[in-house]
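> Kindly return the folded structure for what I paste below:
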Amino acid sequence: MGLKSFLSKPFASYVIRKQKKWSADPAKYQQKVFDELVRVGKNTAFGKDHDFASINNHEEFKKRVPIRDYEGLKSYFDRVVKGEPDVLWKGKPTYFAKTSGTTSGTKYIPITKESIPNHINSARNALLNYIYETGNSSFLKGNLIFLSGSPEMYNTNGVLTGRLSGIVNHHVPGYLRTNQLPSYETNCIEDWEEKLAAIVKETKGRDMTLISGIPPWVQMYFDYLKEETGKKAGDLFPNFSLFVYGGVNFEPYRAKLFESIGRHVDSIETYPASEGFIAYQDKQGDKGLLLLVDSGIFFEFIPAEEVFNENPTRLSVDEVELDKNYAIIINSNAGLWGYNIGDTVKFVSKYPHRIQVTGRIKHFISAFGEHVIGEEVEKALAAAVKKYPEVEVVEFTVAPQVTPDEGLPLHEWYVEFDKEPLNLQDFENEIDNNLRKLNTYYDDLIKGNILQKLKIRTLKKNAFIEMMRQRGKLGGQNKVPRLANDRSQADELQNFLK
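Numbering: from 1, shown residues only. Down below sits the predicted model:
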């Protein structure tokens with residue numbers, strides 16, 4: 001056993017002892033976070049504008065601080081970007097995480113000295129939970145790869161600016177950096193395909209033990225490895241034992257990804273965002289992610305059906321119910337206040353509070369009142385793939401078709417298969433039946449002859465890669481939206497139909 005592996009186990013025990021305390025009493029620790037945020041925030045421009053000095057509890061906070069997204073807070077963000085101190089948080093941020101929003105254009109999310117531990121320690125603690133539960137720390141002896149954006153940064157009025165994954169890359173602990181791949185020079189390559197080719201050359205002969213990244217881009221890495229070496233990832237890297245992922249639901253990618261590995265490896269799901277590290281998987285047999293209630297973020301939850309209301313219900317962590325969809329709201333020591341990050345979650349357990357990400361607020365289909373959400377289409381597809389094990393899906397998205405050439409309106413599923421169903425119509429029917437069971441509104445529209453059953457539009461190989469390349473969003477932290485209430489993405493994909 002290497003020194004790092006040996007030392008990781010007592011450290012894991014220490015971290016989990018603390019974790020058990022805050023996860024058993026989330027309301028207490030959330031109150032501590034809330035009190036500290038308001039104490040510091042009252043001396044900022046935002047705090048003065050919203051009378052933080054008179055806030056003593058969450059009810060008063062809700063009256064003074066409205067729910068807003070990036071656009072709603074843009075006047076404050078603009079002041080921070082221009083170099084003004086003490087606007088949303090004390091002083092100036094340490095970094096800006098630059099990200100491209102679907103509606104807001106380029107966003108500059110502040111990361112402060114106080115919020116950096118949330119991003120760094122949470123990623124570390126996800127690994128320590130795994131070590132504590134399984135006893136497996138051998139992956140620390142080999143090479144680790146984090147498929148991420150470029151770590152290069154530039155200066156924005158005195159604040160270092162770059163992608164979140166690149167910022168985090170600069171804070172990888174020294175004891176892991178000696179094992180880390182790819183090299184800094186390779187990681188700085190902007191073109192994703194050129195970067196992947198360079199990563200393959202650097203890693204194909206190494207002892208890779210941990211691989212981390214967003215599933216579709218990890219899949220692309222495995223495909224490049226197979227093309228270069230003729231071997232599956234699991235054969236090429238016999239000691240590869242841990243896959244860490246986040247950013248998208250893993251289920252639609254699971255079958256193809258493990259087929260590309262050639263065997264089962266353990267996995268850890270994480271929920272990082274530019275706005276904060278929200279949750280991680282703390283139990284191997286549990287799909288729920290432990291909500292990080294003691295990490296500088298005070299959470300609020302809005303019932304999903306109320307998210308666009310003028311005065312929605314805003315619940316604290318001790319008021320939520322199980323199996324109900326909520327929009328997740330962040331107040332943090334990065335200077336985010338009443339900030340809607342655009343995700344929906346549901347709680348699958350309480351004490352400890354564990355969540356599952358169910359979709360994006362703006363990613364839904366309700367062209368006919370059905371309000372189909374991401375979780376439902378992903379579940380419907382996953383169940384169909386389970387029934388038809390010959391099928392392997394690379395990527396998919398769903399859009400409404402209001403004016404088809406013939407027949408009733410319908411949902412169109414644009415699917416890129418690695419292995420197609422033996423009978424496409426049977427596969428379509430299975431997905432449709434699954435979706436009708438999951439969404440009663442959709443079922444009613446089918447029964448009422450307002451919608452016809454869904455249709456799959458089969459796409460050429462690498463269709464989504466080509467689409468993302470044309471958008472200039474290939475690789476890194478970029479993700480394909482699962483579904484939309486308009487035809488913009490579907491129209492792009494028309495060019496890639498088989």
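> burial count for the closest residue to residue 45 other than its chain neighbours?
Closest residue to residue 45 apart from its sequence neighbours, by Cβ to Cβ, 6 or more residues apart in numbering: residue 87 at 4.8 Å. Using the backbone N, CA and C atoms, a C-beta is placed for each residue, glycine as well. As a burial measure, residue 87 scores 25 neighbours (other Cβ atoms under 10 Å).
> Could you report the pLDDT at residue 87?
Residue 87 is assigned a pLDDT of 98 by the prediction.
> A strand includes it, no?
No: under the criterion used here (DSSP: H, G, I helix; E, B strand; the rest coil), residue 87 is coil, not part of a strand.
> so what's it up against?
44, 45, 46, 76, 79, 80, 335 (Cβ atoms under 8 Å, 6 or more residues apart in numbering).
> residues in contact with the strand or helix carrying the third one?
It stands for residue 46. Taking DSSP states H and E as the definition, residue 46 sits inside helix 45-49. Applying Cβ under 8 Å, 6+ apart, the contact partners of helix 45-49 are 38, 41, 42, 53, 76, 79, 84, 86, 87, 88, 335, 337.
> so the second one makes contact with residue 76?
No: counting by Cβ atoms under 8 Å, residue 41 does not reach residue 76; the two are 11.9 Å apart.
> These two: who's more crowded?
For residue 41 versus residue 76, neighbours defined as other Cβ under 10 Å are more numerous around residue 41 (24 against 21).
> shaky segments in the stretch 51-200 of the chain?
Within the stretch 51-200 of the chain, the segments meeting pLDDT under 70 span 100-105, 174-176.
> follow-up on the earlier one: may I see the buried residues of the helix holding residue 46?
46, 47 (16 or more other Cβ atoms under 10 Å).
> Kindly report the domain assignment for this structure.
Following the TED database, one finds the domains of the chain at 1-361, 364-496.
> what mean pLDDT does the last one have?
Confidence over domain 364-496, taken as the mean pLDDT, stands at 88.
> next one: the helix or strand following the helix holding residue 46 to chain centre, how far?
Next along the chain after helix 45-49, taking DSSP H and E as the criterion, comes helix 58-64. In terms of Cα atoms, centre = their mean, to the nearest Å, the gap separating the centre of helix 58-64 from the centre of its chain is 29 Å.
> what packs against helix 58-64?
helix 26-41 (3 or more Cβ pairs under 8 Å, 6 or more residues apart in numbering; DSSP states H and E).
> Which other helices and strands does the helix it packs on contact?
Using 3+ Cβ pairs under 8 Å, 6+ apart, helix 26-41 is in contact with helix 58-64, strand 297-303, strand 326-332.
> quick one, what contacts residue 453?
Contacts of residue 453 (Cβ under 8 Å, 6+ apart): 410, 428, 429, 432, 446.
> Next, give phi and psi for it.
phi -60, psi 150 (degrees, to the nearest 10).
> What's the separation between it and residue 393?
19 Å (Cβ to Cβ, to the nearest Å).
> Kindly report the same for residue 195.
Residue 195 is 25 Å from residue 393, by Cβ to Cβ.
> Equivalent analysis for residue 237, please.
24 Å.
> go on, residue 211?
21 Å.
> More neighbours: which of the two?
residue 211 (27 against 22).
> which one is residue 395 nearest to, not counting chain neighbours?
In space, residue 395 is closest to residue 464, 4.3 Å off (Cβ to Cβ, 6+ apart).
> Determine how far the helix or strand the one you found falls within lies from the middle of the whole chain.
If you go by DSSP H and E, residue 464 is part of helix 463-471. Using Cα atoms, centre = their mean, the distance from the centre of helix 463-471 to the centre of the chain it belongs to is 20 Å.
> same check, this time on stretch 140-157
17 Å.
> Could you give me the buried positions within that stretch?
Neighbour count says stretch 140-157 has 140, 142-151, 153, 156 buried, by 16+ other Cβ under 10 Å.
> and the gap between the closest residue to residue 465 other than its chain neighbours and residue 466?
Nearest non-adjacent residue to residue 465, counting by Cβ to Cβ, 6+ apart: residue 474, 6.6 Å away. Using Cβ to Cβ, residue 474 is found at 9 Å from residue 466.
> Residue 335 now?
From residue 335 to residue 466 the distance is 39 Å (Cβ to Cβ).
> between the two, who's got more neighbours?
Using other Cβ under 10 Å as the criterion, residue 335 and residue 466 rank with residue 335 on top: 29 against 17.
> hang on, the more buried one packs against residue 114?
No: if you go by Cβ under 8 Å, residue 335 and residue 114 don't touch, sitting 9.4 Å apart.
> anything in contact with each of those two?
Common neighbours of residue 335 and residue 114 (Cβ under 8 Å, 6+ apart) are residue 89.
> Specify which member of the contacts of residue 87 is nearest to residue 178.
Of all these, residue 178 sits closest to residue 335, with 34.5 Å by Cβ to Cβ.
> Who are the contact partners of the closest one?
Residue 335 neighbours (Cβ under 8 Å, 6+ apart): 41, 44, 46, 80, 87, 88, 89, 93, 110, 112.
> quick one: secondary structure of it?
Each residue gets one of three states, and residue 335 gets coil by three-state DSSP.
> cool, residue 70 as well?
Residue 70 - assigned by three-state DSSP - is coil.
> for the host helix or strand of residue 96, which positions count as buried?
Taking DSSP H and E as the definition, one finds residue 96 inside strand 95-101. Neighbour counts over strand 95-101 (16+ other Cβ under 10 Å) mark 95, 96, 97, 98, 99 as buried.
> Walking through the stretch 351-498 of the chain, point out its strands one by one.
Assigned by DSSP state E, counting those that start in this stretch, the stretch 351-498 of the chain shows strands spanning 354-360, 364-365, 372-373, 392-401, 410-419, 455-458.
> Can you give the distance of the last one from its chain's centre?
A distance of 26 Å separates the C-alpha centroid of strand 455-458 from that of its chain, computed with Cα atoms, centre = their mean.
> And residue 43, how close does it get to residue 110?
For residue 43, the distance to residue 110 equals 16 Å [Cβ to Cβ].
> neighbour count winner among these two?
Applying other Cβ under 10 Å to residue 43 and residue 110 shows that residue 110 carries more neighbours, namely 25 against 13.
> my guess is that one meets residue 93, correct?
Yes: contact criterion Cβ under 8 Å: residue 110 and residue 93 qualify, at 3.7 Å.
> Give the residues shared as contacts by those two.
By Cβ under 8 Å, 6+ apart, the residues touching both residue 110 and residue 93 are 80, 334, 335.
> Need those residues in CSV (columns: distance to residue 283).
Shown next, in CSV, are these (distance: Cβ to Cβ, whole Å):
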residue, distance to residue 283
80, 38
334, 28
335, 33
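> Closest one of those residues to residue 10?
residue 334 (31.3 Å).
> which one is that closest one nearest to, not counting chain neighbours?
That would be residue 115: by Cβ to Cβ, 6+ apart, it lies 3.9 Å from residue 334.
> got the contact list for the one you found?
276, 296, 332, 333, 334.
> Among those, list the two that are farthest apart in space.
Farthest pair in the contacts of residue 115, by Cβ to Cβ: 276 and 333, 9.1 Å.
> Touching both of these two, which residues are there?
In contact with both residue 276 and residue 333: 115, 118, 296, 297, using Cβ under 8 Å, 6+ apart.
> Let me know the closest of these to residue 223.
Nearest to residue 223 among these, with distances taken as Cβ to Cβ, is residue 118, at 33.6 Å.
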